[in-house]
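Predicted model and sequence below, questions to follow.
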Amino acid sequence: MFSDRVLGIELSGIRKIFDLAQGKVINLGLGEPDFHPPEVVKKAIEDGVRKGYNKYGPSKGFSELRGLIAEHYRKYGDFSGDNVLVTVGATEGFLATLLSVVNPGDEVLYPDPGFVIYAPHIKIAGGKPVPYPIYQENDFVPAEEDIKKRISKNTKAIIVNYPNNPTGGVMEDKDIKMVIDLAEDYDLLVISDEVYFRLVYNTEPKTFLGKYDKLVFINSFSKEFAMTGWRLGYLIAPKEYIEQIGKMHYYAVACPQSPIEYAAIVALKEAPDYVEFMKEKFRRRRDLMYKLLSEIDGVEPNLPKGAFYMFPRVHVDDVVSVVKDTVKRGVLCTPGNAFGNNAEDHIRFSYAASEEDIEKGMEIFAEVVKKHRKKE
Ligand SMILES: Cc1ncc(COP(=O)(O)O)c(C=O)c1O
């Protein structure tokens, strides 16, 4: 009955773990800002609907929006609306890209641990997912050797994601150069997932954009404007890529959602720096969570430079049991193995939560870890 394609992929088991929680929960498992979109943008979606933006729009997105997105990145290169495809979240942008560039048997490199859609999307596109490891010892940035030794004659593309989910790692300019040099040497496409682009602390955003020709840059309104449920994203790439990927996108979704595009235009015109407001809050919460995690015996946190996740190593015999016990006590968090095979001794905490929840959540987590602590 079902295709090998769909039977070859599975939904993540995280929901089942989250279901262990009873009653009121402290949610440190969230992959989205705990804020809402700017007021002007909330109003704009209503206005959009009333003004009649309820019909199909141009498949690649409204030209005004495509132009504004290009303008938003002017600092990084001379882009125009022709370099932009507006998608249904970064997620659809990813799938449309992989379906447009991967032939059966092509290999695509992706980070392990990494965001959960990469391997399934590569498989759906008929490719072979090839994970490359990233380690806490190296601030969750890949080592050149760890990428290089996984490149074969079939390697088509490499996915990079900085600021990184689930680790909060950020690439410096030298790391970006390292990846680009490899991509040039082996003629690889770089697909750069930068949905946390401006969520960096104590540094300017670092990007692949404008630094390499064979690049698909992926971003979204989800995190930057707290619009996760509105499902609007975009790609920036050479015009001929946009033409080809745009065909896949057309056959998948026809066009982006018109009233949301209308609101996104207002977001870029009237609240382009909204992320700065969230960033200030996230920075304080990050520092608080880092401090509290550092005080727990057996927990080795990293101080993340970006996104809103912390990914400490936890020295216990069975991390999944620690997560389950923590969740049973009402604090949602995610085991490292949800993000690949290379992070089984880690737990992801999101600090997109109030300081009060972070304090209470860390208190409960500390008690659970104490119970499970490895005898060394
Ligand atoms: C690294 C990463 N890429 C992509 C996405 C998906 O973003 P969107 O909501 O735009 O589909 C997420 C969402 O959590 C993410 O963490």
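Good, I have the coordinates.

isn't Val275 right up against Glu224?
Yes. Using C-beta atoms under 8 Å, Val275 makes contact with Glu224 at a distance of 4.8 Å. All C-beta spots, glycine's among them, are computed from the backbone N, C-alpha and C.

end-to-end on stretch 217-237?
Stretch 217-237 has an end-to-end distance of 6 Å (C-alpha to C-alpha, to the nearest Å).

Sorry, slip of the keys, the one I care about is stretch 343-358.
23 Å.

Tell me which residues are up against it.
Identification of contacts with stretch 343-358 by C-beta atoms under 8 Å, 6 or more residues apart in numbering yields 26-34, 112-113, 136, 166, 282, 284-286, 288-289, 292-293, 308-315, 319, 322-323, 333-339, 361.

hmm, it in reach of the ligand?
No. Between stretch 343-358 and the ligand, judged by C-beta under 6 Å from any ligand atom, nothing touches; the nearest distance is 9.9 Å.

Flag every buried residue along that stretch.
Across stretch 343-358, burial judged by 16 or more other C-beta atoms under 10 Å covers Ala343, Asp345, His346, Ile347, Arg348, Phe349, Ser350, Tyr351, Ala352, Ala353, Asp357, Ile358.

same question for it, mean pLDDT?
What stretch 343-358 shows for mean pLDDT is 96.

Ok, stretch 261-280 next?
96.

Pull the residues that contact that stretch.
Counting by C-beta under 8 Å, 6+ apart, residues outside stretch 261-280 touching it are 33, 35, 37-38, 40-42, 44-45, 47-48, 51, 53, 57, 61-62, 64-65, 68-69, 71-72, 86, 198-199, 201, 221, 223-227, 230, 232.

Convert it to PDB, retaining C-alpha atoms only.
Output in PDB follows, covering the C-alpha atoms of stretch 261-280 (Å, rounded to 0.1, in the frame of the first residue of the first chain):
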ATOM      1  CA  GLU A 261       3.000  37.700   2.900                       C
ATOM      2  CA  TYR A 262       1.200  41.000   3.400                       C
ATOM      3  CA  ALA A 263       2.000  40.900   7.100                       C
ATOM      4  CA  ALA A 264       5.600  40.000   6.400                       C
ATOM      5  CA  ILE A 265       6.000  43.100   4.200                       C
ATOM      6  CA  VAL A 266       4.900  45.200   7.200                       C
ATOM      7  CA  ALA A 267       7.300  43.200   9.400                       C
ATOM      8  CA  LEU A 268      10.300  44.100   7.200                       C
ATOM      9  CA  LYS A 269       9.200  47.700   6.800                       C
ATOM     10  CA  GLU A 270       8.100  48.600  10.300                       C
ATOM     11  CA  ALA A 271       9.700  46.100  12.700                       C
ATOM     12  CA  PRO A 272      12.900  44.900  11.000                       C
ATOM     13  CA  ASP A 273      14.800  44.800  14.300                       C
ATOM     14  CA  TYR A 274      12.200  43.100  16.400                       C
ATOM     15  CA  VAL A 275      14.700  40.300  17.000                       C
ATOM     16  CA  GLU A 276      16.800  42.600  19.100                       C
ATOM     17  CA  PHE A 277      14.100  42.900  21.700                       C
ATOM     18  CA  MET A 278      13.900  39.000  22.000                       C
ATOM     19  CA  LYS A 279      17.700  38.700  21.900                       C
ATOM     20  CA  GLU A 280      18.100  40.900  25.000                       C
END
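
just how off-centre is the lowest-mean-pLDDT helix or strand in the chain within its chain?
Every helix and strand in the chain was compared by mean pLDDT, DSSP states H and E; the lowest is helix 14-18, with a mean of 80. A distance of 20 Å separates the centroid of the chain from that of helix 14-18, by C-alpha atoms, centre = their mean, to the nearest Å.

Having no further points to raise, I will conclude here.
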